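Peer 1: heads up, no residue letters with this:
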């Protein structure tokens, strides 16, 4: 059983293939090209390196969000197109779930992925390890970094927290000041999104019967896009007039 996953939720594009024995290959790149330019060439190179065809893949997965609105649409559309053409099942993986499941923590330590959502806002959730998988305790959230700290202090008093994700690069100093010895951080090279955890999760979810038809796969947005927010603002202004 093989799973192929793509992650286009941030500026880094990633593709990974895994089977029951672990990761077979992962390609990642962060450059000035758009995901639409680099994703298909990366896919071909990865499969060629493994001497595999797309037909050798049993389940296809896309990281569905939260993250870049345009990037997510590209990744999801690519996976849906391949799944439709090959009649393969698909799995949608939250970018926050993927980050959390890449972490290994001692019993009692929480995992908190934080993705930069601009203006000191983060996409985030709080997890704890349970039965060898990460359980989401908080639900998915989009909020100010100071509000996240407040929730940790009020709801998870005394718990140590391991932070992951690209938001660490922006908020590490603030978190160390606010949470002091309670907080720790994933290594620098692991803070970007990686497709490998998504591929591993896809195998687990497919085996549990949680894969779906390609037409059910959609991006997951925690909040409206800037264009949608601007349209709503103009409509509200128009209504007031």
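Peer 2: Received, thanks. Bear in mind the structure is a predicted one, so any value in this text is a computation, not a measurement. Numbers count the residues shown, from 1 in each chain.
Peer 1: Need the per-residue pLDDT for the most centrally placed residue in the chain.
Peer 2: Nearest residue to the geometric centre of the chain (C-alpha atoms, centre = their mean): residue 95, 1.2 Å. With respect to pLDDT, residue 95 scores 98.
Peer 1: Next, it: phi, psi?
Peer 2: Here is the backbone geometry of residue 95 (degrees, to the nearest 10): phi -60, psi -30.
Peer 1: Now it: closest residue in space that isn't a chain neighbour?
Peer 2: Leaving out its chain neighbours, the residue that sits closest to residue 95 by C-beta to C-beta, 6 or more residues apart in numbering is residue 9, at 4.3 Å. The way it works is simple: take the backbone N, C-alpha and C, and place the C-beta from them, glycine included.
Peer 1: what helix or strand is the one you found on?
Peer 2: Assigned by DSSP states H and E, residue 9 belongs to neither a helix nor a strand.
Peer 1: re earlier: any idea how far the residue nearest to the centre of the chain is from residue 44?
Peer 2: Residue 95 sits at a distance of 24 Å from residue 44 (criterion: C-beta to C-beta, to the nearest Å).
Peer 1: next one: residue 207
Peer 2: Taken as C-beta to C-beta, the span from residue 207 to residue 44 is 27 Å.
Peer 1: do the same with residue 133
Peer 2: From residue 133 to residue 44 the distance is 32 Å (C-beta to C-beta).
Peer 1: got it, and residue 7?
Peer 2: On the measure of C-beta to C-beta, residue 7 and residue 44 end up 17 Å apart.
Peer 1: Count the residues that sit near residue 22.
Peer 2: 9 (other C-beta atoms under 10 Å).
Peer 1: Look up the closest residue to it, ignoring the ones flanking it.
Peer 2: The spatial neighbour of residue 22 that comes closest, neighbours along the chain excluded (C-beta to C-beta, 6+ apart), is residue 200 at 7.8 Å.
Peer 1: tally of neighbours for residue 136?
Peer 2: Neighbour tally, residue 136, other C-beta under 10 Å: 15.
Peer 1: And the next helix or strand past the longest helix along the chain?
Peer 2: Using DSSP state H, we find that the single longest helix of the chain is helix 69-86. Per DSSP H and E, helix 69-86 leads on to strand 90-94 as the next helix or strand towards the C-terminus.
Peer 1: Identify the residues contacting that next one?
Peer 2: 3, 5, 59-66, 76, 79-80, 83, 140, 198, 201-202, 205-206, 210-214, 216-218, 220 (C-beta atoms under 8 Å, 6 or more residues apart in numbering).
Peer 1: any idea which helix or strand comes after that strand?
Peer 2: Using DSSP H and E, the next helix or strand after strand 90-94 towards the C-terminus is helix 95-101.
Peer 1: tell me what that next one is packed against?
Peer 2: Helix 95-101 is packed against strand 59-65, strand 110-116, strand 121-124, strand 133-136, helix 195-207, with contacts defined by 3 or more C-beta pairs under 8 Å, 6 or more residues apart in numbering; DSSP states H and E.
Peer 1: Deepest-packed of those, please.
Peer 2: Highest mean neighbour count of those: strand 59-65, a mean of 28 (counted as mean count of other C-beta atoms under 10 Å).
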